[in-house]
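**Q** got a predicted structure here, sequence first:
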Amino acid sequence: MPKLTVDGIEVEVEAGATVLQACEEAGKEIPRFCYHERLSIAGNCRMCLVEMERAPKPVASCAMPAADGMVIKTDSDLVKKARNGVMEFLLINHPLDCPICDQGGECDLQDQAMAYGFDASRYAEKKRAVKDKELGPIVKTIMTRCIHCTRCVRFSEEVAGVGTMGAVYRGEDTEVGPYIEASINSELSGNLVDLCPVGALTSKPYAFTARPWELKKTDSIDVMDAVGSNIRIDSRSSEVMRVLPRTNDDVNEEWISDKTRYAIDGLKRQRLDRPYVRVDGKLKAATWDEAFAAIKAKVSGLDGKKIAAIAGDTVDCESMTALKDLMGTLGAPNLDCRQDGSKIGGPRASYIFNTTISGIDDADACLIVGANIRAEAPIINSRLRKRWRATAGDFKVGIIGESWDPTYKHDYLGAGAETLSAVLDGKNDFAKVLKAAEKPMIIVGMGALNREDSDAVLATVRAIAEKYGMVSGDWNGFNVLHTAASRVGGLDLGFVPGEGGLATNDILDAAAKGDVEVVYLLGADEIDMSKLEKAFVVYQGAMGDAGAQAADVILPGAAYTEKNGTYVNTEGRAQQGWRAVFPVGEAKEDWAIVRALSGALGQALPYDNIDAVRSRMVELSATFASLNAVTKAEWTDFGKAGDMKSDGFTSPVRNFYMTDPISRASVTMAKCTEAFVKDAAAEKVA
């Protein structure tokens, strides 16, 4: 490893490191605009200039490989003069927009102009102006501010994989933008706003709404998919203003999807802020006592087998724990957290992403079955693309199911079970790829597991994993990709049918026949509500979506931004989010509502605070004893061999931008649907 001296400090860095990284290792701050740790090196802003012994002029530290014996100076007069000059050139055409620029207070150009800039400008000519580009409903452009760092160009090409952005013309006429006039059709486009070091690319939905120093910042976890992206919720008073990513190299690195970032405006619409009770066919506002009394009147003396509970896709583990315990006290075995009707469960290794998200970086082949990962988990898809780029295209990817564009080279193998069987039997050419790979992996989506033959599909996939060495030693390449933030947590807690209990589809069928008389929907909105017309429906949730419309009693719960909650992501990692704002109106935290209801029913649960609920969660599953960690699951038999249907595997996500009550209520997501989703009108009807 090379050793070099930085301002008299000797440092040793890994082979391949740059001078900039060596300077940071020595504790020196190096200004930069174009350099970013997760993007390729461009070396075009020149702000990171340092003095190198025996070099005729300052060198760009971001692009200079560190070598043994180098002597670097970062604070010499030559370096200061060079940085002053670079900053003066950058500001020649930059407009004085700071008072009205949304980047103000978070602008790298502001900060570095103060720290490294010159106190005057010698440029007296007219500044140039550049026409703004139309990039879609999410990214607002003021391209006169652009300093040509090309971060947006490299991100769109390297991470998002859409290649929309580029630099055209030369010299003083250079412009950054789309090569042809078009919006950025990527599920990750909002990250361009974070990457831009000036105010050229800002958030269109957030424009002119707040300044960063006005906002309270709260760490939380995203619930728009099952990735469990680490986020920061910025709020002012009682309003959530924006969502930004938090860095977590094991989960989302420093990226988040556009739905995670921009669906929050849905929290302002169609909110449930008070209890309701249906009287004479119409929902009327009620007190909490009246709502509980209506439930008690229906439940009292009712056989537990006539009561059922279904948990939705975005609920927290605390509320599922409380509802599971309440159903237990009522003697009701009919409960399920799989509202899509999938039958997945059993051994933990059969329903988590065993490789882990960061483990994708070690895989050398991947078979995707029944999943459109770009729509179901854009962050995981970007990780697969990152692995493909790191291997210069040697990372082989095969897809069984729908044909979709993953943004990296792949082999489309077929539509369904017949192709899956061919891979198992070695009759498909991709079987040779899996056999030759040292660390192959398989990703099974809900499109293959929410079918009637899911047990047979699961057994076939397990057989493929075992046959081609996907499970050996410390490597487990068998992965299930969930679409619901609550799913793995619910399975870990045992929020599934008890002895003699009914699963989701059976609950709905029984309710349609009148065999199940009371159905408790905990944020469950993705089921066939028409089958609940004969049942007494209790809906607990934050949004006035399908479940609330079918309800006889509505109990207003808190949105994920309004409560402390634990969520387990698709890889089995338990993470906690914190309350950013208080619930609206009379709404309460969900576990507290269930606890209060249990008291009203005369079956009081044995906990009065969230810490006691979390202790109960640890009793139900050891997963919750270790937060932010993934525990390796024991590999064992699962699935059940049998005939598989010939139907193709179809992803359950038809419109990435609208998958849950919050995103369906979002105006921004509606604009994205209109702009990017093919046959948008048909999607809205669906």
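**A** Nice, I can see it.

**Q** mind listing the residues bridging to Ala6?
**A** Slight slip there: residue 6 is Val, not Ala. Ile9, Ile72 (DSSP bridges).

**Q** contacting residues for the most centrally placed residue in the chain?
**A** Closest to where the C-alpha atoms of the chain average out (C-alpha atoms, centre = their mean) is Ser229, at 4.4 Å. Residues near Ser229 by C-beta atoms under 8 Å, 6 or more residues apart in numbering: 221-222, 245, 248, 251-252, 256-257, 260, 379. Backbone N, C-alpha and C define where each C-beta goes, glycine included.

**Q** among these, which are in helices?
**A** Restricting the contacts of Ser229 to those inside helices, with DSSP state H as the criterion, leaves 260, 379.

**Q** just flag the most distant two among the contacts of Ser229.
**A** Considering C-beta to C-beta, no two members of the contacts of Ser229 lie farther apart than Asn248 and Ser257, which are separated by 14.4 Å.

**Q** more neighbours: those two, which one.
**A** When Asn248 and Ser257 are compared for neighbours, Ser257 comes out ahead with 29 against 18, by other C-beta atoms under 10 Å.

**Q** I'd say that one and Glu376 touch.
**A** No - here Ser257 lies out of contact with Glu376, judged by C-beta atoms under 8 Å, at a distance of 10.4 Å.

**Q** are there residues contacting both of these two? Which ones?
**A** In the contact map built from C-beta under 8 Å, 6+ apart, the residues linked to both Ser257 and Glu376 are Asp225.

**Q** lowest-confidence helix or strand of the protein?
**A** Across the helices and strands of the chain, the lowest-confidence element by mean pLDDT, DSSP states H and E is helix 680-685, at a mean of 42.

**Q** point out where the stretch 51-200 of the chain drops to low pLDDT.
**A** For the stretch 51-200 of the chain, no stretch has pLDDT under 70.

**Q** show me where it has strands.
**A** 59-60, 71-73, 139-141, 165-168, 175-178 (DSSP state E, counting those that start in this stretch).

**Q** select, out of those, the one closest to Gly557.
**A** Proximity to Gly557, assessed across the strands of the stretch 51-200 of the chain by C-beta to C-beta, is greatest for strand 139-141 (33.1 Å).

**Q** how far is that closest one from where the chain is centred?
**A** Between the mean C-alpha point of strand 139-141 and the mean C-alpha point of its chain there is a distance of 22 Å (C-alpha atoms, centre = their mean, to the nearest Å).

**Q** and for the spatially closest residue to Val162 that is not a sequence neighbour, the neighbour number?
**A** The spatially closest residue to Val162, leaving aside those adjacent along the chain, is Ser186, at 4.6 Å (C-beta to C-beta, 6 or more residues apart in numbering). Other residues near Ser186 number 26, with proximity taken as other C-beta under 10 Å.

**Q** mind listing what Ser186 touches?
**A** The contact partners of Ser186, taken as C-beta under 8 Å, 6+ apart, are 156, 160-162, 164, 258.

**Q** and these as JSON lines, adding distance to Glu88?
**A** Rendered in JSON lines, the data for those read as follows (distance: C-beta to C-beta, whole Å):
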{"residue": "Ser156", "distance to Glu88": "30"}
{"residue": "Ala160", "distance to Glu88": "33"}
{"residue": "Gly161", "distance to Glu88": "37"}
{"residue": "Val162", "distance to Glu88": "35"}
{"residue": "Thr164", "distance to Glu88": "32"}
{"residue": "Asp258", "distance to Glu88": "37"}
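
**Q** select only the buried ones of the residues you listed in ChimeraX?
**A** Those of those that count as buried under 16 or more other C-beta atoms under 10 Å are selected in ChimeraX with:
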select :156,160,161,162,164,258
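
**Q** just the contacts of Ser186 now: which is nearest Pro440?
**A** So of the contacts of Ser186, ranked by how close each gets to Pro440 (C-beta to C-beta), first place is Gly161, at 22.3 Å.

**Q** off-centre distance for stretch 154-166?
**A** 19 Å.

**Q** ok, now stretch 459-469?
**A** Taking the mean C-alpha point of stretch 459-469 and that of its whole chain, the gap between them comes to 28 Å (C-alpha atoms, centre = their mean).

**Q** now it: buried residues?
**A** 459-465, 468-469.

**Q** dump it to CSV, keeping only the CA atoms.
**A** Once side chains and other backbone atoms are set aside, the C-alpha atoms of stretch 459-469 remain, and they are given as CSV (Å, rounded to 0.1, in the frame of the first residue of the first chain):
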residue,chain,number,x,y,z
ALA,A,459,-40.3,-25.9,-3.8
THR,A,460,-39.0,-25.6,-7.3
VAL,A,461,-37.0,-22.5,-6.6
ARG,A,462,-35.6,-24.1,-3.4
ALA,A,463,-34.5,-27.1,-5.5
ILE,A,464,-32.8,-24.8,-8.0
ALA,A,465,-30.9,-23.1,-5.1
GLU,A,466,-29.7,-26.4,-3.7
LYS,A,467,-28.8,-27.9,-7.1
TYR,A,468,-26.7,-25.0,-8.3
GLY,A,469,-24.8,-24.3,-5.1
